[in-house]
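> Pasting the sequence and the predicted coordinates here, then a few questions.
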Amino acid sequence: MELCRRSLSNILNMVKQEPLPISTRILKNDLLLKALDGKPVHRPPVWMMRQAGRYLPQYMELKNKYDFFTRVQTPELAAAITLQPIDLIGTDAAILFSDILVVPQAMGMEVTMHEGKGPALPAVIRCMEDVEQLIVEEAAWHLQYVYDAIALTKQQLEGRVPLIGFAGAPWTLLCYMVEGKGSKTFDKAKAFCYTQPEAAHALLQAITDVTIAYLRNQIKAGVDCLQLFDSWGGLWDKEDFAIFSLPYIQQIVQSVKYECPVILYAKGVWHSLPELQETGAAALGIDWCNTPQQARKLTNHSITLQGNYDPVKLLNPVNKISQDVKAMIDAFGTTRYIANLGHGIIPNIPVDHAKAFVQAVKEYKAE
Ligand code: 1CP
């Protein structure tokens, strides 16, 4: 890909000075926003978590040329990758290509990404003094490249579908900042919360403050909706989730929800669905460990739900995927529902199977 720096900076300067042009603010496909608003739709909207990524050969071409953070930090590359699933798979929403770990990076921590191993943060947080070293007030301004990528993506989308911005929930970010890498149990992160609760709460509050500023800037840059990822929320029981995750999620949702609808995805947190609903989120993401019926019951049939297809089930033959999707929509209902996976798509899913998932939602007809 030719990186055309001069023309990009012209576009970005223009976007920064002027409000977004009407053509990029008016959406040709607003199914997602209608579903978030509880409005009737002829069929549910569909997108896939991690839809911009490794199962797409066109993503792999850019991945082979540019390292992870170059892709994330170069607005032309981030925009091109964000648009790939819109052009190739036909989803009803775009999600910005970025990562939740740009926030710890902006707070002054080193974050590197390693093929096959995932992220590494060599200098982890161990105590209150480490928390006090973090950048908080100016951190959101170190993420200008994200806002530039949003502005550029909105221009290139030309209103075809809404753009979803996102951030990690404070507990999920603490996991990486304390553990230093991915983990099945994040036991060091949990032990930090148990043994140094004061430092843990100071860290969670610092991440919360940065995230609120970061998401407000994403809204100003043009995102139509936000998703908050608490991918590791399910590592806590209900009691500890209420101490170490929920209050911070609550602050974030409350601070942005009047400007922009928020989808709250807390994996494995079925025990606290009513509490998550009370945060004021417009929708809750559901994984496949809960049934649509149970999730509807727990949330009193009164909030938009998103999910919950097991991404590994996309390895089934396409006719089985189509049958499953129909059954899933029948179970959730067509209103207050966003068809999606229960977690991110995995790299070994054939592109045709991802397309079959999306197509089955588009062809859905209630009997
Ligand atoms: O080079 C690569 O392709 C590396 C894989 C990859 C990708 C495609 C990483 C590393 N991040 C991303 C992009 C990404 N990350 C997006 C893009 C937008 C889209 O969804 O299409 C999003 C939303 C994320 C969010 C993210 N990053 C989460 C929350 C969502 C989830 O899947 O639970 C988490 C936990 C991360 C951390 C992270 N970044 C990358 C990896 C491999 C991981 C997980 C590490 C671990 O195992 O703990």
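That came in fine, so what should we check first? Numbers count the residues shown, from 1 in each chain.
> what pLDDT, on average, does the longest helix seen in the chain get?
When the chain is parsed with DSSP state H, its longest helix is helix 197-221. In this model, helix 197-221 has an average pLDDT of 98.
> near the ligand, anything from that helix?
No. Helix 197-221 lies apart from the ligand when judged by CB under 6 Å from any ligand atom; the minimum separation is 12.6 Å. Backbone N, C-alpha and C define where each C-beta goes, glycine included.
> Packing partners of that helix?
Contacts defined by 3 or more CB pairs under 8 Å, 6 or more residues apart in numbering; DSSP states H and E place helix 197-221 against helix 102-106, helix 128-133, helix 144-157, strand 163-168, helix 170-179, helix 187-195, strand 225-230, helix 246-256.
> got the contact list for the helix or strand just after the first one?
Of the helices and strands lying after helix 102-106 in sequence (DSSP states H and E), the nearest is strand 112-114. With CB atoms under 8 Å, 6 or more residues apart in numbering as the contact definition, strand 112-114 has outside contacts at 67-69, 119-120, 122.
> List the strands paired with strand 112-114, with their directions.
As defined by DSSP bridges, the strand partners of strand 112-114 come to strand 118-120 (antiparallel).
> ok, how many other residues are close to whichever residue of the stretch 201-350 of the chain sits closest to the ligand?
Closest to the ligand within the stretch 201-350 of the chain is S231: 3.2 Å, counting by CB to the nearest ligand atom. S231: 21 surrounding residues under other CB atoms under 10 Å.
> Now do the contacts for it.
Per CB under 8 Å, 6+ apart, neighbours of S231: 100, 168, 172, 265, 267, 343.
> And stretch 300-317, end to end?
End-to-end span of stretch 300-317 (CA to CA, to the nearest Å): 35 Å.
> just stretch 59-75 next, same as before
15 Å.
> got a list of contacts for that stretch?
With CB under 8 Å, 6+ apart, stretch 59-75 has contacts from 1, 3, 8, 12, 52-54, 77-78, 80-81, 84, 97-99, 102, 111, 113, 145, 148-149, 151-152.
> what is the mean pLDDT for that stretch?
For stretch 59-75, the per-residue pLDDT averages 96.
> in that stretch, what's buried?
Buried residues in stretch 59-75, counting neighbours by 16 or more other CB atoms under 10 Å, are found at 59, 62-63, 66, 68-69, 71-75.
> repeat for stretch 278-287
So stretch 278-287, judged by 16+ other CB under 10 Å, has buried residues 279, 281-287.
> hang on, the earlier thing: I'd like to know which of the contacts of stretch 59-75 are buried.
For the contacts of stretch 59-75, buried by 16+ other CB under 10 Å: 8, 12, 52-53, 77-78, 80-81, 84, 97-99, 102, 111, 145, 148-149, 151-152.
> that older thread, which single one of the contacts of strand 112-114 is nearest to I207?
For I207, the nearest member of the contacts of strand 112-114 is P119. The distance, counting by CB to CB, is 15.7 Å.
> For that closest one, give the beta-bridge partners.
M113.
> The closest residue to the ligand within the chain: how many residues sit nearby?
Per CB to the nearest ligand atom, G182 is where the chain lies closest to the ligand, at 2.7 Å. By other CB under 10 Å, the residues close to G182 number 13.
> Is it in contact with A120, as I believe?
No. Taking contacts as CB atoms under 8 Å, G182 lies outside contact range of A120: 9.1 Å.
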